[in-house]
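>>> what follows is a protein structure lacking sequence information:
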């Protein structure tokens, strides 16, 4: 299980490499905050998860309370990424999803864990260690089966306690989130039993309600069962808070359940109350920003080291780095841990490992088919990368040529791919799919504007005119060999612009350097 934790909780407890809770272990990580989430169907969630709900948050985890082989959650009590569904093996989101994400975003030094147990249609009695057996004995079979998904005898109280004790070995139980009550509209002892279930769990864990906040959520206001009982719980339960359901919509199908957007908002409201209880302020998400203030323009060149400045909140990271040490020692982008080296060509991003990625804000000025040239180097035969735009792959995996000579990372090649880009502002991602490569830059050239280098050229030299750093003289000829004049340029854009003054009509032309390099380029009038 420990291999699934992010770096923030990879301390001494995980360095020992133990894989089960039953063995000896180091002290719990104080920055792994764990919350017990229990209740009935609205806590479990009934709305289908959307793409934003499914994006894995690196500091949001669950302790498996059910086996879900289809999601890779095969061991009870083991820690897994908190992706839908948290409470079952389906595709629904719950209050806990966005509670956990919001808590993690608001405390960047902390990892959040959830212990999820929810029984659709159940009375609070199902969670009472002294009433569950008699309650389930007279319950309908479908409800009994819900409970048995967590415990063969239906004792979900014991499941919560057993998993929580295991969780205490690696982290700290910090609070409860609770949503239940639709079934118990006429049950006068409901507040008392809610308190009893919480207190019984705390007693079993040798904890006190003084230090463990409890947040309950109101029922659907436009539904069948709303009352002020939840908002009055703080009057009868110490260290208790409530999350309002005001303005949250139903699913339009029944009188009990919230819709997707309501679950998202409700989860955030739970987090606001919990943060209030622990004296922490919620953090407003901030999007990532271009490193130099404006997005890279395409067509154009993107320096690999100028990836975006990360924002705040899930989905607003601008890079992923497998370790925090800056192996490049250049002090460029200091504090990110990204390995930036200073080479003869300027800064490059090196020491790239599989799974790492960098993102860039880009502005595509013209939609169309582009040639992507990436300047890369490797002494490894299996180095590779892939490019994506707004989360969708725009290339296949691209192999990086192996350089001659041992540990030769100074010989850069331009690998080429053809990509289709839509106009407008986007997030471009470079993902390392095969370790140990360096990358200098990416250059996007509209395919129809690209050059054909057909004398004194190789495939990897083709983009040289568009990437040149020194001025060259070019003699310009029409396709019939007629001499038009001479221009000086440092790159393709300048070459085309300067040559445009020599031609009367648009079309294809020949440019020749004094060194004998011959280019064919398209000039529009």
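Structure's in. What do you need? None of these values were measured; they are calculated from a predicted model.

>>> when you work out contacts or count neighbours from here on, use the C-alpha atoms and nothing else.
Will do.

>>> what bridges to residue 112?
Residue 112 has these beta-bridge partners by DSSP bridges: residue 33, residue 60.

>>> got a list of what it touches?
Contact analysis of residue 112 by CA atoms under 8 Å, 6 or more residues apart in numbering lists 32, 33, 34, 35, 59, 60, 61, 100, 103, 104.

>>> and residue 427, by the same measure?
When contacts are counted by CA under 8 Å, 6+ apart, residue 427 touches 359, 360, 361, 362, 389, 390.

>>> just the buried members of those residues?
By neighbour count, with 16 or more other CA atoms under 10 Å, the contacts of residue 427 hold 359, 360, 361, 362, 389 as buried.

>>> would a markdown table of the residues you listed with distance to residue 443 be doable?
As requested, the buried ones among the contacts of residue 427 are exported to a markdown table (distance: CA to CA, whole Å):
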| residue | distance to residue 443 |
| --- | --- |
| 359 | 15 |
| 360 | 13 |
| 361 | 14 |
| 362 | 12 |
| 389 | 15 |
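
>>> just the ones of these in strands?
Of these, the ones assigned to strands by DSSP state E are 359, 360, 361, 362, 389.

>>> looking at these, which is nearest residue 335?
Using CA to CA, residue 359 comes nearest to residue 335 of those, at 16.7 Å.

>>> show me where this protein has its helices.
12-15, 41-44, 51-54, 95-106, 132-137, 141-148, 156-167, 190-204, 229-236, 260-277, 464-467, 492-500 (DSSP state H).

>>> worst mean pLDDT among these?
Mean pLDDT values for those show the minimum at helix 12-15, a mean of 35.

>>> just name the shakiest helix or strand of this structure by mean pLDDT.
helix 12-15 (a mean of 35; mean pLDDT, DSSP states H and E).

>>> out of the contacts of residue 112, which is nearest to residue 336?
Of all the contacts of residue 112, residue 336 sits closest to residue 59, with 17.5 Å by CA to CA.

>>> do you know how far the closest residue to the closest one other than its chain neighbours is from residue 43?
Once flanking residues are discounted, residue 59 sits nearest to residue 111: 4.5 Å by CA to CA, 6 or more residues apart in numbering. For residue 111, the distance to residue 43 equals 21 Å [CA to CA, to the nearest Å].

>>> same check, this time on residue 393
Applying CA to CA, the value for residue 393 to residue 43 is 35 Å.

>>> of these two, who's got more company?
Comparing residue 393 with residue 43 by neighbour count (other CA atoms under 10 Å), the higher total belongs to residue 43, at 28 against 16.

>>> ok, now which ones touch the nearest residue to the more buried one once chain neighbours are set aside?
Leaving aside its chain neighbours, residue 43 sits nearest to residue 179 (5.4 Å; criterion: CA to CA, 6+ apart). Residues in contact with residue 179 (CA under 8 Å, 6+ apart) are 38, 39, 40, 42, 43, 216, 217, 218, 219.

>>> hmm, try it at 7 Å
38, 39, 40, 42, 43, 216, 217 (CA atoms under 7 Å, 6 or more residues apart in numbering).

>>> give me the neighbour count for the first one.
In this case it means residue 38. 27.

>>> the last one too?
As a burial measure, residue 217 scores 24 neighbours (other CA under 10 Å).

>>> swap in residue 221?
By other CA under 10 Å, the residues close to residue 221 number 19.

>>> and if you look at residue 506?
Counted with other CA under 10 Å, residues neighbouring residue 506 total 11.

>>> just checking, it touches residue 499?
No. Counting by CA atoms under 7 Å, residue 499 is not a contact partner of residue 506; they are 10.7 Å apart.

>>> right, and residue 364 touches residue 425 too?
Yes. Counting by CA under 7 Å, residue 364 touches residue 425, with 6.3 Å between them.

>>> these two: who's more crowded?
Comparing residue 364 with residue 425 by other CA under 10 Å, the one with more neighbours is residue 364, at 20 against 16.

>>> so who does the more buried one touch?
297, 298, 299, 422, 423, 424, 425.

>>> quick one, which of those has the minimum pLDDT?
Of all the contacts of residue 364, residue 299 has the smallest pLDDT value, namely 92.

>>> ok, back up a step: let's have the contacts of residue 179 in JSON lines, adding distance to residue 139.
What follows is the contacts of residue 179, written out as JSON lines (distance: CA to CA, whole Å):
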{"residue": "38", "distance to residue 139": "19"}
{"residue": "39", "distance to residue 139": "17"}
{"residue": "40", "distance to residue 139": "15"}
{"residue": "42", "distance to residue 139": "19"}
{"residue": "43", "distance to residue 139": "20"}
{"residue": "216", "distance to residue 139": "25"}
{"residue": "217", "distance to residue 139": "25"}
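
>>> thanks a lot, see you next time.
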